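A.B. asks: Everything below, folded, please.
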Amino acid sequence: MKLKFNNIRDLADARYAAAAMAEWMGFSVGAVDSLPIGKIQEIIGWCAGPKLVLEVDPSVDIVVVQSYLTVLPVDAVETTVAHFANLNTLPEMEGVTSIILTDSGNVDLSHSSNPGNGTHIENISLKLENANEIVEANPYAISIDCREAENPALKNFDDWNDFFEVLGVF
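C.D. replies: Here you go, the predicted structure:
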């Protein structure tokens, strides 16, 4: 099972994602709480392993996304189907994987590079009681939302550690 960490907030999140051998590390672009491009560069400069995903808000102008694609070593772009159609016209998108957000009718979002081909990435709630259900369902991948801590130096990953231990990641 592959892992995706969404909305990386700081170096602690990124280092945890790398230690968990995550496939993807996502950074929000265009949302109110998005990190500036310089902060993303700083974080990825200290962290190796996971592929860099730009999680692009559909309201973001194509020129802004193009600047991120030019400056950052982006492996994938995650956005809606409609917004992706516009972004896909950019020459900088060549070789960049698409992760398309679709409304599954559930509370969770569905992410898929190619909808219907078994590459569904289930956005999950990080609750220990969900871990065994996830193991049984054996999805292609799961994604977890990161949250900003009051003090990143004192960030507590105990819940994540317990959760991933049940999943067999650690």
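A.B. asks: all helices in this structure, in order from the N-terminus.
C.D. replies: Applying DSSP state H to the chain gives helices spanning 11-19, 37-45, 62-71, 81-87, 128-137, 158-167.
A.B. asks: which residues are in contact with the shortest one?
C.D. replies: Contacts of helix 81-87 from elsewhere in the structure, counted by Cβ atoms under 8 Å, 6 or more residues apart in numbering, are 56, 58, 60, 62, 65, 77, 79, 93, 98, 100-102. Every residue, glycine included, has its C-beta placed from N, CA and C.
A.B. asks: quick revisit: could the helices of the chain be laid out in TSV, adding mean neighbour count?
C.D. replies: Output for the helices of the chain, formatted as TSV (neighbours: other Cβ atoms under 10 Å):
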stretch	mean neighbour count
helix 11-19	20
helix 37-45	15
helix 62-71	15
helix 81-87	15
helix 128-137	12
helix 158-167	15
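A.B. asks: Relative to Arg147, which of the ones you listed is closest?
C.D. replies: Nearest to Arg147 among these is helix 11-19 (8.7 Å), distances taken as Cβ to Cβ.
A.B. asks: mind saving the C-alpha coords of the closest one as CSV?
C.D. replies: C-alpha atoms of helix 11-19 as CSV (Å, rounded to 0.1, in the frame of the first residue of the first chain):
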residue,chain,number,x,y,z
LEU,A,11,9.9,20.0,7.7
ALA,A,12,8.7,17.7,10.5
ASP,A,13,5.8,16.5,8.3
ALA,A,14,8.1,16.0,5.3
ARG,A,15,10.7,14.1,7.2
TYR,A,16,8.0,11.9,8.7
ALA,A,17,6.7,11.2,5.2
ALA,A,18,10.2,10.3,4.0
ALA,A,19,10.7,8.0,7.1
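A.B. asks: Point out the other helices and strands that it packs with.
C.D. replies: strand 2-6, strand 24-29, helix 37-45 (3 or more Cβ pairs under 8 Å, 6 or more residues apart in numbering; DSSP states H and E).
A.B. asks: quick one: the first one to helix 11-19, angle?
C.D. replies: Here strand 2-6 runs at an angle of 170 degrees relative to helix 11-19 (axes from the mean of the first three to the mean of the last three Cα atoms, to 10 degrees).
A.B. asks: and strand 2-6, what does it pack onto?
C.D. replies: Other elements packing on strand 2-6 under the criterion 3+ Cβ pairs under 8 Å, 6+ apart are helix 11-19, strand 24-29, strand 120-123, strand 141-145.
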